[in-house]
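S.K.: Below is the sequence, then the predicted model.
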Amino acid sequence: MEISTARSLVAAVVLLSLPASAAVDAKRRVLSEASKELGSGFREVTRSVENPPGSFEGVGHFRFLYFREQELGQHGTYSISPSGRYAVYQDGPSGDIVLFAAASRRARVVQKYPGALVAEFKWGKGEKEVTVALNPIRIPVE
């Protein structure tokens, strides 16, 4: 297996293996939690939790996006719209791209896992669209 293919596979496995890690936060001991205000009612919460014996590392570190008291989900990359009416993020466990509307407090998957991690989100004029830039996947030819 090529090195970059192996790296992509490892990244995908890590990304897709997060549900088990995130889902058991309630069962595992939370060692620390920090909250960072993002504006417009959004905030990011970072938790360090004790991993079960035999895990890759003893402590897991996870980031969650919130709107007020509503947990939107574990995330990778995210962006809040300039007006604060929307948030878009790549869901940590699934890799799906999710759009959240603050007014309705509803999130919807707008793109299933695109096969790569999001590098950046860019809001278009009038917040009518979001451009999603993915991290490049490099494949050596020799």
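M.R.: Arrived safely, thanks for sending. Numbering: from 1, shown residues only.

S.K.: beta partners for the spatially most central residue of the chain?
M.R.: Here the mean C-alpha position of the chain is nearest to the C-alpha of H75 (CA atoms, centre = their mean), at a distance of 1.8 Å. H75 has the following beta-bridge partners by DSSP bridges: D91.

S.K.: next one: S32
M.R.: S48.

S.K.: What's the local residue count around it?
M.R.: 10 (other CB atoms under 10 Å). C-beta coordinates here come from the backbone N, C-alpha and C atoms, glycine included.

S.K.: so it touches R47, yeah?
M.R.: Yes. Using CB atoms under 8 Å as the test, S32 is close enough to R47 to be in contact (7.2 Å).

S.K.: Tell me if G126 really is in a helix.
M.R.: Yes. Membership of G126 in a helix is supported by DSSP: H, G, I helix; E, B strand; the rest coil.

S.K.: confidence score at it?
M.R.: According to the prediction, G126 has pLDDT 92.

S.K.: and what of S21?
M.R.: With respect to pLDDT, S21 has a value of 43.

S.K.: Roughly how far does the residue nearest to the centre of the chain sit from K128?
M.R.: Relative to K128, H75 is positioned 23 Å away (CB to CB, to the nearest Å).

S.K.: where exactly do the helices run in this structure?
M.R.: According to DSSP state H, the chain carries its helices in the segments 3-23.

S.K.: Lowest average confidence across helices and strands, show me which element that is in it.
M.R.: Confidence across the helices and strands of the chain bottoms out at helix 3-23, with a mean of 39, counting by mean pLDDT, DSSP states H and E.

S.K.: Where does the prediction get shaky in this protein?
M.R.: 1-26 (pLDDT under 70).

S.K.: Confirm for me that G92 is in contact with G76.
M.R.: Yes. Taking CB under 8 Å as the contact criterion, G92 and G76 are neighbours in contact, 5.5 Å apart.

S.K.: More neighbours: which of the two?
M.R.: For G92 versus G76, the count of surrounding residues by other CB under 10 Å is larger for G92: 23 against 16.

S.K.: Name the nearest residue to the more buried one, ignoring sequence neighbours.
M.R.: Leaving out its chain neighbours, the residue that sits closest to G92 by CB to CB, 6 or more residues apart in numbering is Q74, at 3.6 Å.
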